[in-house]
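Enquirer: what would the 3D arrangement of this be:
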Amino acid sequence: MKHRISLAIVALVAIVTLACSLTGGLAGEEGPEATQPPPTEPTGETPTSPPELTATLEEDNVRLRPADGMEMVRIPAGEFLMGDDKAAAAPERPEHLVFLDEYWIDSMEVGNAQYRLCVEDGVCAEPRAWKDPNFNGDEQPVIVPWEAAKTYCEWATGRLPTEAEWEKAARGTDGRTWTWGNEFEPNRANLSGAGDGYGFTAPVGSFPGDVSPYGLLDVAGNAAEWVADWWDAEYYARSPDRNPTGPDSGEQKVHRAPIANAGGGAAKCRCTVRYGAEPNEGYGFRCASSTAPSDEVPSPASSEVTPTPPSEEPTSTPESAGEAGETTEWPPLQSYRIRTVMRLPEEDVESPVEQVSIFEWDTATSASRMVVACIEEITIGDKRWRKIKDNPWTEETLTPEEQAAWERKMSFAQFWGDPEVLEEELEAALPESVELVSAQIFPVPIKAAMVFDGEETVNGVHCKRYTVDTDLDYTRENGSHTTGHATGVIWVADQEGIPPVIVRALMDEDLVIDGNPSHPSWEHNITDINQPVTIKPPE
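Expert: As a prediction, the model looks like this:
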């Protein structure tokens, strides 16, 4: 039986490499999930407290929300242009006129101090990000899962904005590319890491140049922001032209604005860019309302919002948690060491890059170690430690469900990805002779081009050898479009007692990703399969 294969660690390694090189860490994730170097002192004239609105707004168009003191801005009813036909990513197309009724939206991202009011009322759960000093400043945007953002907005007598409402508030009615106009100005928004005075998220409103026609701040940069809609890359093709609210269901939720400081360049911070993400990931948000803020402070006791106790906060459970039955046909890996090397030539970057990623697993001690770019993570039993660069280790305790799911994924080298995402494409494309454990490296178009080329022993394991020589033209779930050519050799385990994992791979790629040329080469090896591997906690 063939099994489902998801997208690869290849993309993750590239993203994390860029994030670390630009900012020293991943942004937009919750607490210890994305530890960041301490923010540097602000430079130049960058303000450290929210400024006044820089857009011209009449008094009747701005009100304070009683629940948390948030300033809300009125967005008048009318049409605006949504999407961008010139975009490289298909999810932004086609551009289309949308009519929205009048609504109100927060002028700034919800901050930690405001979110604390909801926690103190017993309605919101304390965010895991508050354990990280790089995320827990009172004026920094709060970082929470989608459901927590929804709960807060309901507590504040509002709701999350729809995707259409967010985009109109960001770009206005003149179809501009960025919040401030049609020329990219990199210093206007919190996008460039410590170079702009902040190692990660800045206090909300610290970049007055990142302002929309309606006076919204931090729209292009700072924290990525949840909206209400389910994610569907093809939704624009059938979206209604009046008050669209997104698909009826889905697996991912939409967030707008790039993940702050993780490569948020000119293309990624445009008003029209769409992103899909698992609802249990952590991002910022702002709230909306169909009516003007009430003059009365809501009573938590009479609220219809069901309180979410801190112990029940959504957690980031690996995607294959419910699929133990899918993988039990194969014997799990008792232990292994993986070393993946990605190389980028000088023509792609200012200087040649060689990025080494390490993954280790030992079933006997339920221990794993991962090193990806500047991030190192060690998990032993229900304890997990993580650090970025030379910063101190952070520690968290996994729930029994998280621990069990993590052990299942590691025992089949399923590091990331949803094994169900590409099932139909895989069944239609992958040759009958190819059998791989889910979530292994490389996307389906490369796997579908694997041609059997004999058998041999590699890294101490008997393998089937496959060659790859294929053109590429595919779009990832996030809308990123890749064309080009890939050549290489892939060795897949074919030995009793070992699941069909990719034991070794050598790949060269000549790609264009969203219009940007890239020429990566990859070397991937699994060694010490089912041999003793010692993993110790950090000192």
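Enquirer: shouldn't residue 501 be in contact with residue 490?
Expert: No: judged on CB atoms under 8 Å, residue 501 makes no contact with residue 490 at a distance of 10.9 Å. C-beta here means a position set from N, CA and C on the backbone, and glycine is covered the same way.
Enquirer: would you mind listing the buried residues in stretch 138-153?
Expert: 139-153 (16 or more other CB atoms under 10 Å).
Enquirer: gap between the two ends of that stretch?
Expert: Across stretch 138-153, the terminal residues are separated by 18 Å (CA to CA, to the nearest Å).
Enquirer: pLDDT of that stretch, averaged?
Expert: Mean pLDDT, stretch 138-153: 95.
Enquirer: now do stretch 221-232
Expert: On average, stretch 221-232 scores 94.
Enquirer: who does residue 277 form a beta bridge with?
Expert: residue 253 (DSSP bridges).
Enquirer: enumerate every residue touching it.
Expert: Residue 277 sits next to 231, 252-255, 283 when contact means CB atoms under 8 Å, 6 or more residues apart in numbering.
Enquirer: distance of it relative to residue 162?
Expert: According to CB to CB, to the nearest Å, residue 277 stands 16 Å off from residue 162.
Enquirer: show me how far stretch 220-230 is from its chain's centre.
Expert: Offset of stretch 220-230 from its chain centre (CA atoms, centre = their mean, to the nearest Å): 11 Å.
Enquirer: now stretch 210-217
Expert: In terms of CA atoms, centre = their mean, the centre of stretch 210-217 is set 24 Å apart from its chain centre.
Enquirer: returning to that earlier point: just flag the most distant two among the contacts of residue 277.
Expert: 231 and 283 (13.0 Å; CB to CB).
Enquirer: who's more crowded, these two?
Expert: More crowded of residue 231 and residue 283, by other CB atoms under 10 Å: residue 283, with 29 against 25.
Enquirer: neighbours around the nearest residue to that one once chain neighbours are set aside, how many?
Expert: Of all residues not flanking residue 283 in the chain, residue 224 sits nearest, at 4.4 Å (CB to CB, 6 or more residues apart in numbering). Number of residues near residue 224 (other CB under 10 Å) recorded here: 27.
Enquirer: same deal with residue 383?
Expert: 15.
Enquirer: for the residue nearest to residue 380 when sequence neighbours are not counted, give its distance to residue 528.
Expert: Once flanking residues are discounted, residue 380 sits nearest to residue 367: 4.4 Å by CB to CB, 6+ apart. Counting by CB to CB, the separation of residue 367 from residue 528 is 14 Å.
Enquirer: ok, now residue 253?
Expert: Residue 253 is 39 Å from residue 528, by CB to CB.
Enquirer: show me which of those two is the more surrounded one.
Expert: Between residue 253 and residue 528, counting by other CB under 10 Å, residue 253 is the more crowded of the two (27 against 16).
Enquirer: contact partners for that one?
Expert: Residue 253 touches 146, 226-227, 229-231, 276-279, counting by CB under 8 Å, 6+ apart.
Enquirer: dump those into JSON lines; add distance to residue 453 as well.
Expert: Conversion of these to JSON lines gives the following (distance: CB to CB, whole Å):
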{"residue": "146", "distance to residue 453": "45"}
{"residue": "226", "distance to residue 453": "47"}
{"residue": "227", "distance to residue 453": "47"}
{"residue": "229", "distance to residue 453": "46"}
{"residue": "230", "distance to residue 453": "43"}
{"residue": "231", "distance to residue 453": "39"}
{"residue": "276", "distance to residue 453": "37"}
{"residue": "277", "distance to residue 453": "38"}
{"residue": "278", "distance to residue 453": "37"}
{"residue": "279", "distance to residue 453": "42"}
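Enquirer: inside helices: which ones of those residues?
Expert: Here DSSP state H is the test, and those give residue 146 as lying in helices.
Enquirer: top of the contacts of residue 253 by neighbour count?
Expert: Within the contacts of residue 253, most neighbours by other CB under 10 Å means residue 226, with 29 neighbours.
Enquirer: all strands of the stretch 351-500 of the chain, in order?
Expert: 353-362, 367-372, 375-380, 383-388, 394-397, 451-458, 461-475, 481-493 (DSSP state E, counting those that start in this stretch).
Enquirer: okay, buried residues for the fourth one please.
Expert: Which is strand 383-388. Neighbour-count burial for strand 383-388 [16+ other CB under 10 Å]: 384-388.
Enquirer: alpha carbons of it, as PDB, please.
Expert: This file holds the C-alpha atoms of strand 383-388, laid out as PDB (Å, rounded to 0.1, in the frame of the first residue of the first chain):
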ATOM      1  CA  LYS A 383      10.700  17.900  28.500                       C
ATOM      2  CA  ARG A 384      11.700  20.100  25.600                       C
ATOM      3  CA  TRP A 385      14.500  22.600  25.500                       C
ATOM      4  CA  ARG A 386      15.200  25.100  22.700                       C
ATOM      5  CA  LYS A 387      17.700  27.900  22.100                       C
ATOM      6  CA  ILE A 388      18.600  30.200  19.200                       C
END
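Enquirer: how near is residue 534 to residue 457?
Expert: 25 Å.
Enquirer: likewise residue 148?
Expert: For residue 148, the distance to residue 457 - CB to CB - is 50 Å.
Enquirer: same check, this time on residue 440
Expert: Distance from residue 440 to residue 457, by CB to CB: 20 Å.
Enquirer: and those two? Which one has more around it.
Expert: Using other CB under 10 Å as the criterion, residue 440 and residue 457 rank with residue 440 on top: 23 against 11.
Enquirer: I'd say the more buried one and residue 413 touch.
Expert: Yes: contact criterion CB under 8 Å: residue 440 and residue 413 qualify, at 6.7 Å.
Enquirer: who touches both of these two?
Expert: By CB under 8 Å, 6+ apart, the residues touching both residue 440 and residue 413 are residue 501.
Enquirer: show me what counts as buried in stretch 237-249.
Expert: In stretch 237-249, counting by 16+ other CB under 10 Å, buried: 239, 244, 246.
Enquirer: with stretch 507-526 instead?
Expert: 507, 509, 511, 513-514, 518, 520, 522-526.
Enquirer: in contact with the residue lying closest to residue 233 once chain neighbours are set aside, which residues?
Expert: Using CB to CB, 6+ apart and skipping residues adjacent in sequence, the residue nearest residue 233 is residue 91, 4.3 Å away. Residue 91 makes contact with 233-236, 274, 479, according to CB under 8 Å, 6+ apart.
Enquirer: can you pull out the low-pLDDT segments for the stretch 201-350 of the chain?
Expert: Along the stretch 201-350 of the chain, the parts satisfying pLDDT under 70 run over 259-264, 294-329, 347-350.
Enquirer: what about 50?
Expert: Counting by pLDDT under 50, the stretch 201-350 of the chain contains low-confidence ranges at 261-263, 295-328.
Enquirer: where exactly do the helices run in it?
Expert: Ranges of helices in the stretch 201-350 of the chain, per DSSP state H, counting those that start in this stretch, are 324-327.
Enquirer: okay, now residue 342: neighbour count?
Expert: There are 21 residues near residue 342, going by other CB under 10 Å.
Enquirer: for the residue lying closest to it once chain neighbours are set aside, give me the pLDDT.
Expert: Among residues not flanking residue 342 along the chain, residue 355 sits closest, at 4.6 Å (CB to CB, 6+ apart). In this model, residue 355 is scored at 82, pLDDT.
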